[in-house]
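Chemist: Curious how this folds, go ahead:
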Amino acid sequence: MSWYDTDWDYRVEITVDNTQVDGDVSDFPVYVDLSDMPESFFTNVDSAGADIRITRSDGTTECAFEIVAIDTSAKTGELHFKANFLSSSSDTSFKIYYGNAGASAYAVDATYGSNNVWTNGYICADHMQSTTGDDSTGNAGSKTATGSPSTTAGKLSGNAVELSGLGQYMSFSDFAELAGMGAYSVSFWVNLDSDPSNTGFISHCSASFADRNIYVVSTSSQGLLVYASSDGTGLNDGQIYENSSSVLGTGSWQHVYIELILGGTETGAFFLDDVSQTFATKSEDGAGFPAATRDGAGNLYIGCLFPGNREMNGKIDEIRISDTARSNAWKSAEYTNQNTPTTFYTVGSEEAQPTADTFTPKTSIF
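Modeler: Numbers count the residues shown, from 1 in each chain. A predicted model of the protein is given here:
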């Protein structure tokens, strides 16, 4: 029986159900709602989760992971780990180790630290645990808040950010990571408090909106719009995908997944709660989609189109931006994992470290 390290006293197996994975995916960030863990986990784990380690099914090969939140008194928390592979034909298992009072948490940029959960095309992963601070990829820099937005219970088991629609938004300054992308995908959860007409969710532009790159908004006349700029200037340049009807409601969490492939055949996709929606293409200047996003000039805004315009009234959680298109299997797995985690995986019972005559310790080959 292989065991990660004799200094760790306990582990729990988590098994991803292959029937919830429509096609094989690699380097997939699995979300774990820690309230699904056995009660004894919260007795034996470090209060800050510093002793948590995650391995593949062999019990020794480590996976990068991120602890977004953990509360051992309330028995709750949010964790993400990078699964090297999830099969659509057989269940895939992983081990969560804990129970080492002397363990230290990994640095965010360590091999198995939080930044390395988000290396498969992600340029921003913001769990909305707070209104300020760094995103989890380590790429986007530091987020700032305007107008004192607040945190509240999220769709995932950590926090979400709540915005009033009155002068509240967040931003990453000079978000250069968007430069030169030939494709991008954006996903997030929203729970809106008022009619979503004229609401900005994600945008990359100057503070005056005179210089813009991409944005995702809803409008009273065109439903949901996704925009990509041809040259970044002027009011009528670039390409828009639009959904002709308002598809976002109020009072409940909804998952939005949008992607655009720039240039060439002008393709895009929009999924709402894992259901594909129809987008029509509209060229604003006759030039079609740009071959790639133009540059990194401008801020990345969350919760508005630009300061003072189409500010969001409601909650937003788990924003992810990638510089790549994802398979439909990936999109569906992301939705199911976050929406109903116990459908996506099962959690086993706590296992104690075996006695010395029955376990095989981790070995290193140099």
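Chemist: Identify the bridge partners of the one residue sitting closest to the centre of the chain.
Modeler: The centroid of the chain falls nearest to residue 320 when counting by CA atoms, centre = their mean (4.0 Å). Going by DSSP bridges, residue 320 is paired in beta bridges with residue 125, residue 187.
Chemist: Would you mind measuring the gap between the ends of stretch 84-93?
Modeler: 11 Å (CA to CA, to the nearest Å).
Chemist: Skip ahead from the biggest helix by length in the chain and say which helix or strand is next.
Modeler: The helix that spans the most residues within the chain, counting by DSSP state H, is helix 328-339. Using DSSP states H and E, the helix or strand that follows helix 328-339 in sequence is helix 341-344.
Chemist: Buried residues, that following helix. List them.
Modeler: Buried residues in helix 341-344, counted by 16 or more other CB atoms under 10 Å: 341, 344. Backbone N, C-alpha and C define where each C-beta goes, glycine included.
Chemist: Other residues contacting it?
Modeler: Around helix 341-344, the neighbours that count as contacts under CB atoms under 8 Å, 6 or more residues apart in numbering are 16, 17, 20, 30, 31, 32, 33, 36, 333, 336, 337.
Chemist: surely residue 38 meets residue 350?
Modeler: Yes: if you go by CB atoms under 8 Å, residue 38 and residue 350 touch, sitting 4.8 Å apart.
Chemist: tell me the mean pLDDT over stretch 179-188?
Modeler: For stretch 179-188, mean pLDDT rounds to 87.
Chemist: what about that stretch, start to end distance?
Modeler: 21 Å.
Chemist: likewise stretch 64-76?
Modeler: OK, stretch 64-76 end separation, CA to CA: 20 Å.
Chemist: How far away from the center of its chain is that stretch?
Modeler: 17 Å (CA atoms, centre = their mean, to the nearest Å).
Chemist: Next, the buried residues of that stretch.
Modeler: So for stretch 64-76, counting by 16+ other CB under 10 Å, buried means 64, 65, 66, 67, 68, 69, 70, 72, 76.
Chemist: Next, format the residues you listed as a markdown table and append distance to residue 108.
Modeler: Formatted as a markdown table, these follow (distance: CB to CB, whole Å):
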| residue | distance to residue 108 |
| --- | --- |
| 64 | 10 |
| 65 | 11 |
| 66 | 8 |
| 67 | 11 |
| 68 | 12 |
| 69 | 15 |
| 70 | 16 |
| 72 | 22 |
| 76 | 22 |
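Chemist: Could you list the domains of this protein?
Modeler: 2-117+340-356, 122-322 (automatic domain parsing).
Chemist: deepest of those domains, which one?
Modeler: Most buried of these, by mean neighbour count (mean count of other CB atoms under 10 Å): domain 122-322, with a mean of 19.
Chemist: how far does that domain sit from the chain's center?
Modeler: 13 Å.
Chemist: Give me the nearest residue to residue 248, chain neighbours excluded.
Modeler: Excluding the flanking residues, the one nearest residue 248 by CB to CB, 6 or more residues apart in numbering is residue 196, at 4.3 Å.
Chemist: I'd like to know how far the nearest residue to residue 123 once chain neighbours are set aside sits from residue 148.
Modeler: Excluding the flanking residues, the one nearest residue 123 by CB to CB, 6+ apart is residue 177, at 4.2 Å. Going from residue 177 to residue 148 by CB to CB, to the nearest Å gives 27 Å.
Chemist: I'm done for today, thanks for sticking with me.
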